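Peer 1: Here's a sequence, model it:
(one chain, ligands or ions: 1)
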Amino acid sequence: MGTLTATILERIHGGLIVSCQALPGEPLHGADIMARMAAAAEEGGAVGIRANGAADARAIKQAVALPVIGIVKRDYPGSEVYITPTLREIDELLEAGADMIAFDATRQIRPEHCTLEQITAYLKQAGVSSMADISILEEAVYAESLGVSCVSTTLSGYTAYSVKQEGPDLELLQAAAERLSIPVIAEGRISQPAEVEAALDLGAYAVVVGSAITRPQLITERFAAVTRKVRMRNNGNERPN
Ligand SMILES: CC(=O)N[C@H](C=O)[C@@H](O)[C@H](O)[C@H](O)COP(=O)(O)O
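Peer 2: Numbering: from 1, shown residues only. Model prediction:
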């Protein structure tokens with residue numbers, strides 16, 4: 001492991017990484033807004049930021065002193081892989097100065113005939129730290145064998161063959177943490193502080209939280225759903241005079 005990777009891993013160890021992402025069409029989309037979101041996360045005690053797109057990664061790098069884990073989400077026709085799918089997205093993130101690059105490390109078909117092995121070799125050659133986003137244990141084991149810096153449970157529930165559940169996949173996290181020698185990050189559907197604690201207790205090296213902190217439209221929905229439920233309950237209880 002290079003000293004750069006060791007330093008980044010040391011900085012995020014045991015801490016909270018906040019994923020600051022708003023896609024085109026989301027109310028908070030825009031690099032300037034994501035940079036402010038990242039500054040707020042830093043103020044709140046985050047140890048790292050996960051960001052989507054070169055423009056956001058660049059703006060966030062300027063706004064905070066934290067390591068930035070960059071991804072580029074890009075849809076290619078006919079491919080299920082959308083998180084940093086090809087070498088092109090890696091180049092964009094390298095240019096933006098991302099400290100670590102995360103990518104889909106599943107064995108699904110990638111666009112442009114690109115392979116997972118090419119992606120990991122390219123990252124290694126570039127000397128940049130890497131985070132393999134996995135959905136099942138086998139993918140974590142294979143990613144480790146390809147020499148990635150760490151793995152993250154990001155894609156559990158988002159591939160056709162992984163378990164679908166409402167909360168985080170703590171089982172996968174624990175199994176991967178027990179099996180692998182590299183750091184395993186907990187990511188995906190963590191929405192309560194107690195789940196952060198559970199993940200760390202089960203061996204998570206660090207924990208990524210996104211939507212529950214940085215997607216206010218989804219946070220609002222959770223509260224608004226309660227008001228609808230109560231309204232329905234009260235209406236149901238109303239007796240005709
Ligand atoms: C599956 C996928 O595309 N995950 C993306 C990966 O970067 C993001 O949309 C998530 O927000 C991130 O993983 C954090 O997860 P959550 O928002 O559930 O805390």
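Peer 1: in this structure, what residue is nearest the ligand?
Peer 2: Residue nearest to the ligand within the chain (CB to the nearest ligand atom): Gly210, separated by 2.8 Å. C-beta coordinates here come from the backbone N, C-alpha and C atoms, glycine included.
Peer 1: ok, and the closest non-adjacent residue to that residue?
Peer 2: Ser19 (3.2 Å; CB to CB, 6 or more residues apart in numbering).
Peer 1: what about the helices in the chain?
Peer 2: For the chain, applying DSSP state H gives helices covering 3-12, 31-43, 54-63, 87-96, 116-126, 137-145, 170-179, 193-201, 211-214, 216-237.
Peer 1: which residues touch Glu178?
Peer 2: Residues near Glu178 by CB atoms under 8 Å, 6 or more residues apart in numbering: Gly203.
Peer 1: before we move on, back to that, I'd like the helices of the chain as TSV, with mean pLDDT and distance to Thr106 appended.
Peer 2: Putting the helices of the chain into TSV (pLDDT from 0 to 100; distance: least, CB to CB, whole Å) gives the following:
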stretch	mean pLDDT	distance to Thr106
helix 3-12	95	22
helix 31-43	98	26
helix 54-63	98	22
helix 87-96	98	15
helix 116-126	98	8
helix 137-145	98	5
helix 170-179	98	13
helix 193-201	98	21
helix 211-214	98	21
helix 216-237	95	25
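Peer 1: Can you tell me which of the ones you listed is most buried?
Peer 2: With neighbours taken as mean count of other CB atoms under 10 Å, those reach their highest mean count in helix 54-63, at a mean of 22.
Peer 1: Name the residues that touch that one?
Peer 2: 20-21, 31-32, 34-36, 38-39, 49, 51, 68, 70, 72, 92-93, 95-98.
Peer 1: what do you get if the cut-off is 7 Å, keeping everything else the same?
Peer 2: 20, 31-32, 34-35, 38-39, 49, 51, 68, 70, 72, 92-93, 95-98 (CB atoms under 7 Å, 6 or more residues apart in numbering).
Peer 1: List the contacts of stretch 152-166.
Peer 2: Stretch 152-166 has contacts (CB under 7 Å, 6+ apart) with 102, 104, 106, 108, 131, 133-136, 169, 172-173, 185-189, 208.
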